[in-house]
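>>> Turn this into a structure:
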Amino acid sequence: MEENNPNNNNENTPKDTRENREAHNRHRFKPRRTDSNHKENAQSKNNNRNRHNPHFKKNQEESKNTPHKEKTKHQKGYGNKELQASNLELRKAVELNAKVHESALVPHSRVEVNPNGKIRITPIGGLGEIGGNMTILESQNSAIIIDVGMSFPSENLHGVDILVPDFSYLEVIKDKIAGIVITHAHEDHIGAMPYLFKKYQFPIYGTALPLGLIGSKFDEHGLKKFRSLFRAVEKRKPIRIGDFEIEWIHITHSIVDSSALAIKTEAGLIFHTGDFKIDHTPIDGYPTDLNRIAHYGEQGVLLLLSDSTNSHKAGYTPSEASVGPAFDLLFSRAKGRVIMSTFSSNIHRVYQAIKHGIKYRRKVSVIGRSMEKNLEIARMLGYIEIPQSIFIEAHEIAKYPDEEILIVTTGSQGETMSALYRMATDEHRHVKIKETDTIILSAKAIPGNESSVSNILNFLNKAGAKVYYQDFSEIHTSGHAAQEEQKLMLRLVKPKFFLPVHGEYNHILRHKETAISCGIDERNIYLMEDGDQIEVAHNYLRKVRSVKTGKTYIDNQVDATIPSDVILDRQNLAENGILVVYAILDCAKNTLVEKPRVQSMGIVSSKETMAFNKEIEEFFALFTKNCKKELYKSQKSMENELRNSLRKLMFKKIKRYPTILPIVSLQN
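Below is the predicted model of the structure:
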């Protein structure tokens with residue numbers, strides 16, 4: 001078969017046959033022209049065709065003076081004019097979209113405004129402090145109050161249970177006030193309502209839970225008749241209050257049924273966040289109404305007032321649902337009673353604890369008046385559903401094994417009158433702490449309460465119980481937005497002007513920095529203090545004056561106001577002590593009738609008392625001998641002079657100014 005192969009180049013093959021075959025193959029397998037040859041031939045033909053074309057010669061000369069650029073594979077077969085046109089169209093699209101982006105960032109610039117409209121914002125409480133939130137919005141003809149909250153006293157305010165704002169400014173504008181607007185039911189937003197209503201009465205607008213808890217307070221203070229001023233609102237449904245049109249918008253917080261406010265005014269739209277966080281998995285299944293917030297952001301917001309409490313915290317605040325797994329772990333490990341303490345207003349936290357109590361077949365005893373009241377109101381209004389059969393009274397706890405008991409109570413802030421504190425100090429009638437108890441403090445200390453919380457932790461640990469306070473990061477979660485949530489709010493609302501609220505100065509300053517990073521012009525941000533009156537119009541935001549503010553001191557034990565001079569006296573007594581001196585003077589001889597009687601407390605120790613009293617006696621002997629004669633004619637003048645002289649002596653001796661009470665009897 002080999003000889004039959006036409007391609008066989010065997011040497012035995014006849015020469016003429018080989019030559020004929022090679023010639024045949026050369027013709028058969030002639031190489032095809034390459035692309036370069038083809039281009040050269042095409043160029044040669046084009047040159048011949050365009051030789052007499054005047055434009056061709058001009059283009060040839062220009063091409064010699066232009067650096068040659070090799071075309072990319074995307075440009076091959078695509079003319080320069082077409083390429084330029086395409087790029088021009090894309091550039092126009094970029095510019096158009098940039099305009100869309102810019103327009104979306106500042107929607108308020110498209111809003112028709114009243115050039116003469118202006119609103120004044122006056123914080124009466126809530127700035128420079130945590131709590132006590134109260135703000136007034138005021139037009140030319142009417143005003144509204146946003147929240148009326150209380151705050152907790154510092155440790156040096158002896159005998160003071162709560163602080164409420166000074167309502168002096170309301171006296172000036174009381175005829176303009178169209179109503180009180182409530183954002184949510186926390187004490188720092190509604191706690192001062194009874195004290196306000198003892199002086200002034202206005203319609204109260206809010207959702208059901210805040211009104212229910214305010215009503216309970218009114219009942220306690222003998223103000224039940226003012227329930228007729230309650231106005232329950234529907235979210236997403238604007239209502240007119242004086243010159244203002246207000247819409248409540250659902251937001252998530254650490255209490256049920258919290259709201260932000262969209263307030264239409266003659267100057268433009270004002271948005272108030274209230275206390276908020278962005279919880280996508282809330283216990284009740286109702287997340288923050290981001291769609292409605294964005295809706296107003298697109299309409300154009302003149303001014304945003306936003307919660308600054310967690311402005312130093314990076315990232316996001318965990319969901320309330322994150323507490324559940326930590327509860328489940330602790331409940332599953334507990335061999336004896338479980339005692340859970342949190343804020344009485346944190347209905348969803350209490351609800352989660354009770355659900356885990358039911359899961360592990362425990363009876364539930366709710367102890368603490370505020371806790372019982374808040375839970376009952378939430379159940380009555382339908383916010384939570386819990387079977388009545390699982391609850392037992394405090395006196396019934398001893399009837400059940402410890403492993404079948406869950407106690408939900410107040411006292412997470414170490415309040416000395418709270419149920420948990422009395423349990424820890426063996427002062428509670430029905431519950432004493434045992435070594436087998438598992439105690440969960442599902443709250444963090446409010447600024448100023450750190451030492452009180454530390455104190456109750458010590459009592460509980462000494463009793464031998466297992467105490468969980470910050471052992472798990474998920475045992476408690478805040479109700480306030482961290483930085484990324486604050487950024488989201490700023491981006492959704494897109495305000496022209498910004499007033500950070502709710503917090504100390506360092507909180508609102510940090511919130512300002514976050515706002516600047518989100519594109520708010522620094523010139524359009526103002527850091528307020530209580531009493532600052534800010535005026536906002538379509539083209540400016542500025543402080544116009546200051547109004548009187550301050551705090552009123554409340555003693556809950558007797559439901560009475562404590563005068564400020566009493567507080568100052570208590571502070572001085574606590575810090576410097578007291579010196580009481582009784583002396584009988586002979587006016588005729590300018591001498592002491594007998595040795596003065598001296599009583600001191602908080603100045604020297606008991607060991608030093610005798611030496612101290614002798615020094616006071618020597619002082620009196622010198623004083624009566626050298627004092628002016630006319631002082632013996634007036635008991636009041638003599639006591640004042642003695643007081644001033646003793647102050648100098650005390651400062652020289654102990655470097656303090658104790659309270660001094662000289663009592664003088666003048667004899668002729």
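
>>> Listing request: residues of the stretch 1-150 of the chain with sub-threshold pLDDT.
1-78 (pLDDT under 70).

>>> What's the first helix or strand after the helix or strand encompassing G297?
When elements are assigned from DSSP states H and E, G297 belongs to helix 290-299. Where DSSP H and E defines the elements, the next helix or strand beyond helix 290-299 is strand 303-307.

>>> same for that following strand, what does it pack against?
In terms of contact count using 3 or more C-beta pairs under 8 Å, 6 or more residues apart in numbering; DSSP states H and E, strand 303-307 is assigned the packing partners strand 269-272, helix 483-493, strand 497-501. No exception for glycine: its C-beta is placed from N, CA and C like everyone else's.

>>> Name the residues that touch that strand?
Contacts to strand 303-307, defined as C-beta atoms under 8 Å, 6 or more residues apart in numbering, come from residues 121, 135, 268-276, 480-481, 486, 489-490, 493, 495-503, 511, 536, 541.

>>> Just the mean pLDDT for stretch 373-390, thanks.
What stretch 373-390 shows for mean pLDDT is 93.

>>> Quick one: end-to-end length of that stretch, please.
The distance separating the two terminal residues of stretch 373-390, taken as C-alpha to C-alpha, to the nearest Å, comes to 17 Å.

>>> and what of stretch 579-597?
The first residue of stretch 579-597 is 11 Å away from its last residue (C-alpha to C-alpha).

>>> Please apply the same query to stretch 499-509.
Across stretch 499-509, the terminal residues are separated by 10 Å (C-alpha to C-alpha).

>>> re earlier: name the residues of the helix holding G297 that come out as buried.
Counting neighbours by 16 or more other C-beta atoms under 10 Å, one finds that the buried residues in helix 290-299 are L290, R292, I293, Y296, G297, Q299.

>>> who does it touch, helix- and strand-wise?
Other elements packing on helix 290-299 under the criterion 3+ C-beta pairs under 8 Å, 6+ apart are strand 244-251, strand 258-264, strand 269-272, helix 483-493.

>>> Compare the ones you listed and give me the one nearest H158.
Of all the helices and strands packed on helix 290-299, it is strand 258-264 that lies closest to H158, at 34.1 Å by C-beta to C-beta.

>>> What segments of the stretch 51-200 of the chain are strands?
Secondary structure of the stretch 51-200 of the chain, counting by DSSP state E, counting those that start in this stretch: strands at 118-125, 134-138, 143-146, 162-165, 177-181.

>>> average pLDDT for the last one?
I take that to be strand 177-181. Mean per-residue pLDDT for strand 177-181: 98.

>>> Sheet-wise, list the partners of that strand with their directions.
Note on strand 177-181: by DSSP bridges, its sheet partners are strand 143-146 (parallel), strand 204-206 (parallel).

>>> I would like the residues contacting the first one, please.
Outside of strand 143-146, the residues that reach it under the criterion C-beta under 8 Å, 6+ apart are 134-137, 170, 173, 176-181, 183, 202, 241-242, 244, 246, 261, 263, 272.

>>> Over to the shortest one?
Where contact means C-beta under 8 Å, 6+ apart, the residues beyond strand 204-206 that reach it are 179-183, 193, 211, 214, 229-233, 239, 241, 246, 248, 259.

>>> Return the set of buried residues in it.
Taking 16+ other C-beta under 10 Å as the neighbour-count basis, strand 204-206 is seen to contain the buried residues I204, Y205, G206.

>>> Return the closest of the residues you listed with respect to A321.
A321 lies nearest to G206 out of the buried residues of strand 204-206, by C-beta to C-beta, at 25.8 Å.

>>> Mind pulling the model confidence for that closest one?
Note on G206: pLDDT of 97.

>>> Could you do T252 as well?
Listed pLDDT for T252 reads 97.

>>> List the contacts of the nearest residue to it once chain neighbours are set aside.
Counting by C-beta to C-beta, 6 or more residues apart in numbering, the nearest residue to T252 once its immediate chain neighbours are dropped is D279, at 3.8 Å. Shown in contact with D279 (C-beta under 8 Å, 6+ apart): T252, P287, T288, T317, S319, E320, A321.

>>> and the closest residue to the second one other than its chain neighbours, how many neighbours does it have?
Spelled out, that is P287. Ranked by C-beta to C-beta, 6+ apart and with sequence neighbours excluded, the top spatial neighbour of P287 is H280, at 5.3 Å. Taking other C-beta atoms under 10 Å as the criterion, the count of residues near H280 is 11.

>>> just I386 next, same as before
For I386, the tally of surrounding residues (other C-beta under 10 Å) stands at 17.

>>> next one: the one 10 residues further on
Close neighbours of E396, defined as other C-beta under 10 Å, add up to 13.

>>> longest helix in this structure, by residue count?
Longest helix in the chain, counting residues (DSSP state H): helix 80-105.

>>> Show me how far it is from its chain's centre.
Taking C-alpha atoms, centre = their mean, to the nearest Å, one finds the center of helix 80-105 at 42 Å from the center of the full chain.

>>> just to revisit the earlier point, can you tell me which of the helices and strands packed on helix 290-299 is nearest to I456?
Each of those was checked against I456 via C-beta to C-beta, and the shortest separation belongs to strand 258-264, namely 28.3 Å.

>>> What strands line up against the closest one, and which way round?
Each strand paired with strand 258-264, and its direction, by DSSP bridges: strand 244-251 (antiparallel), strand 269-272 (antiparallel).

>>> pLDDT averaged over that strand - what is it?
Confidence over strand 258-264, taken as the mean pLDDT, stands at 98.

>>> May I have it as CSV, with CA atoms only?
C-alpha atoms of strand 258-264 as CSV (Å, rounded to 0.1, in the frame of the first residue of the first chain):
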residue,chain,number,x,y,z
SER,A,258,-42.3,54.8,70.5
SER,A,259,-42.6,57.5,67.9
ALA,A,260,-40.7,60.1,65.9
LEU,A,261,-42.5,63.3,64.9
ALA,A,262,-42.9,65.0,61.5
ILE,A,263,-44.0,68.6,62.2
LYS,A,264,-45.1,70.8,59.4
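
>>> orientation of that strand relative to helix 483-493 in degrees?
An angle of 30 degrees separates the directions of strand 258-264 and helix 483-493 when computed by axes from the mean of the first three to the mean of the last three C-alpha atoms, to 10 degrees.

>>> What ranges does the stretch 401-550 of the chain have for its strands?
Remark: strands assigned in the stretch 401-550 of the chain by DSSP E, counting those that start in this stretch are 405-409, 438-441, 466-468, 497-501, 532-537, 540-546.

>>> Contacts for the third one, please.
Where contact means C-beta under 8 Å, 6+ apart, the residues beyond strand 466-468 that reach it are L330, D437, T438, I439, I440, L441, L457, L460, N461, I475.

>>> what lines up beside it in the sheet?
Checking strand 466-468 against DSSP bridges gives partners strand 438-441 (parallel).

>>> The strand it pairs with - what's its average pLDDT?
Strand 438-441 shows a mean pLDDT of 94 in the predicted model.

>>> Give the helix, strand or coil label for S665.
Of the three states, S665 takes strand according to DSSP: H, G, I helix; E, B strand; the rest coil.
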